[in-house]
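Chemist: just the structure for this:
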Amino acid sequence: MCRWRDGKYHPVKVIERRKLSFGDYNDYEYYVHYTEFNRRLDEWVKLEQLDLDSVETVVDEKVEDKVTGLKMTRHQKRKIDETHVEGHEELDAASLREHEEFTKVKNIATIELGRYEIETWYFSPFPPEYNDCSKLYFCEFCLNFMKRKEQLQRHMKKCDLKHPPGDEIYRSGTLSMFEVDGKKNKVYGQNLCYLAKLFLDHKTLYYDVDLFLFYVLCECDDRGCHMVGYFSKEKHSEESYNLACILTLPPYQRKGYGKFLIAFSYELSKKEGKVGTPERPLSDLGLLSYKGYWTRVLLDILKKHKGNISIKELSDMTAIKADDILNTLQSLDLIQYRKGQHVICADPKVLDRHLKAAGRGGLEVDVSKLIWTPYREQG
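Modeler: So this is what the prediction gives:
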């Protein structure tokens, strides 16, 4: 058991230990995973935060022995396995263990980005020269990262950028969206991937960013355009993916920006004349956002048409892939299979109940403010 920030003790798995750089030669701190919570809350703790009387010895797993000798009950192990598999449904057991082993310890604890100091959630494979850093300082415009505050201050005096290095394709009020080509802005794209991996457990880090476009959402003021989140998409996707990765930075979460980014990706698909779907696997938060978006968009249309509409017509209107429509309606028990075909059941009271449960839609995309040419038509 370990004392968490709420002052209460919670069951943990001890992942790693390291000697403190100060204090007695025998002093260690311990990297723990709270088995009740997602890995994003893993952290280094001091020995006095651990309740050593609560250590239980049951599991015969080698990895537990290797680090500290502290063990878990079978029930705790089952809980940690269930927690860790979130967002990794596509990985087999061996791949999952390899991923867990490689990313088990968060290497960067905090970052400074603009006016925010942000606690990180996950491991990100920064270059080896940053191995000894627990905090990194990011330029919020070019996303270059540095080890010390003084380096950032010197950099900011020289950095010419006041917005992401791409084309502004949308502006509505104080919100702007920039399209950044990974081939034209390789260093920015790679820095964005390093940054995003600190908050996405499932993300594969692509060093070859040439194949991707990055859509960076900003809040704008007289100091410049400040990134709040982004999504990426492949320039050419064989699988109809209209989004590869999506992230809203923690200080801007729960403000409707994630829903805005999802809606924006579908507006681009409509402009392209294609249906789209997000690349799998989705993170736990990403899946929740998508389910909410699909539910709201589809049920709004079903209400207007009183259910007299086909899945193909829904797909044509929304640019949502037919499989996603079918899965969403099935999960809400709004579809039945009769005489060899799917029939949509659209009782207005049931639709209203589901819409209420899905929550509000977030920020609206004003399509009249979107000025954009699909990539295949550019140049």
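
Chemist: how near is residue 320 to residue 293?
Modeler: From residue 320 over to residue 293 the distance is 9 Å, taken as CB to CB, to the nearest Å. Where C-beta positions appear, they are placed from N, C-alpha and C, glycine not excepted.

Chemist: an error on my part: the question was meant for residue 123.
Modeler: In terms of CB to CB, residue 123 sits 29 Å off from residue 293.

Chemist: ok, now residue 319?
Modeler: 12 Å.

Chemist: please apply the same query to residue 214.
Modeler: Residue 214 sits 20 Å away from residue 293, going by CB to CB.

Chemist: what of residue 14?
Modeler: From residue 14 to residue 293 the distance is 39 Å (CB to CB).

Chemist: more crowded one of those two?
Modeler: Higher neighbour count among residue 14 and residue 293: residue 293, with 25 against 20, using other CB atoms under 10 Å.

Chemist: check which helices and strands the helix or strand hosting that one is in contact with.
Modeler: Residue 293 is part of helix 284-305, with elements assigned from DSSP states H and E. Here helix 284-305 touches helix 257-272, helix 311-318, helix 322-331, helix 348-358, going by 3 or more CB pairs under 8 Å, 6 or more residues apart in numbering; DSSP states H and E.

Chemist: mind listing what's buried in the shortest one?
Modeler: When neighbours are counted by 16 or more other CB atoms under 10 Å, the buried residues of helix 311-318 are found to be 311, 314, 315, 318.

Chemist: leaving out sequence neighbours, find the closest residue to residue 314.
Modeler: Leaving aside its chain neighbours, residue 314 sits nearest to residue 325 (5.3 Å; criterion: CB to CB, 6 or more residues apart in numbering).

Chemist: run a quick neighbour tally on that neighbour.
Modeler: By the criterion of other CB under 10 Å, residue 325 has 23 neighbours.

Chemist: for it, what are its contacts?
Modeler: Residues near residue 325 by CB atoms under 8 Å, 6 or more residues apart in numbering: 294, 298, 311, 314, 315, 318.

Chemist: what is the nearest of the residues you listed to residue 167?
Modeler: The shortest approach to residue 167 among the contacts of residue 325 belongs to residue 318, at 25.9 Å (CB to CB).

Chemist: what about that closest one, distance to residue 222?
Modeler: Relative to residue 222, residue 318 is positioned 37 Å away (CB to CB).

Chemist: then residue 344?
Modeler: 50 Å.

Chemist: more crowded one of the two?
Modeler: Set residue 344 next to residue 222 and count neighbours by other CB under 10 Å: residue 344 wins out with 18 against 5.

Chemist: okay, now the unreliable bits of the stretch 151-300 of the chain?
Modeler: Regions of the stretch 151-300 of the chain meeting the criterion pLDDT under 70 cover residues 203-207.

Chemist: what about the strands in it?
Modeler: Per DSSP state E, counting those that start in this stretch, the stretch 151-300 of the chain carries strands over the ranges 167-172, 175-181, 212-221, 224-234, 241-243, 245-248, 277-278.

Chemist: and for the stretch 1-150 of the chain?
Modeler: Using DSSP E, counting those that start in this stretch, strands in the stretch 1-150 of the chain cover 2-3, 9-10, 12-19, 28-34, 43-46, 110-113, 116-119, 135-138, 145-146.

Chemist: now those strands in a markdown table, with distance to residue 171 and mean pLDDT?
Modeler: Shown next, in a markdown table, are those (distance: least, CB to CB, whole Å; pLDDT from 0 to 100):
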| stretch | distance to residue 171 | mean pLDDT |
| --- | --- | --- |
| strand 2-3 | 47 | 90 |
| strand 9-10 | 45 | 92 |
| strand 12-19 | 45 | 85 |
| strand 28-34 | 42 | 87 |
| strand 43-46 | 39 | 85 |
| strand 110-113 | 22 | 98 |
| strand 116-119 | 23 | 98 |
| strand 135-138 | 24 | 98 |
| strand 145-146 | 28 | 98 |
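
Chemist: dump those to JSON lines, plus distance to residue 358.
Modeler: Shown next, in JSON lines, are the strands of the stretch 1-150 of the chain (distance: least, CB to CB, whole Å):
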{"stretch": "strand 2-3", "distance to residue 358": "36"}
{"stretch": "strand 9-10", "distance to residue 358": "31"}
{"stretch": "strand 12-19", "distance to residue 358": "35"}
{"stretch": "strand 28-34", "distance to residue 358": "29"}
{"stretch": "strand 43-46", "distance to residue 358": "33"}
{"stretch": "strand 110-113", "distance to residue 358": "31"}
{"stretch": "strand 116-119", "distance to residue 358": "28"}
{"stretch": "strand 135-138", "distance to residue 358": "34"}
{"stretch": "strand 145-146", "distance to residue 358": "37"}
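
Chemist: show me what counts as buried in stretch 332-346.
Modeler: Buried residues in stretch 332-346, counted by 16+ other CB under 10 Å: 332, 334, 335, 344, 346.

Chemist: what does stretch 2-12 give?
Modeler: In stretch 2-12, counting by 16+ other CB under 10 Å, buried: 2, 3, 4, 11, 12.

Chemist: show the end-to-end separation of stretch 161-174, please.
Modeler: 18 Å (CA to CA, to the nearest Å).

Chemist: ok, now stretch 211-230?
Modeler: Using CA to CA, one end of stretch 211-230 lies 16 Å from the other.

Chemist: off-centre distance for stretch 184-197?
Modeler: Computed by CA atoms, centre = their mean, to the nearest Å, the chain-centroid distance of stretch 184-197 equals 15 Å.

Chemist: who touches it?
Modeler: 111, 113, 122-126, 138, 142-145, 164-166, 180, 182, 203, 205-207, 209-210, 212, 214, 216, 230, 245, 247.

Chemist: with stretch 246-256 instead?
Modeler: Residues outside stretch 246-256 that contact it (CB under 8 Å, 6+ apart) are 113, 116, 118-119, 121, 196, 199-200, 219, 227-232, 257-258, 261-262, 265, 278, 286, 289, 360-363.
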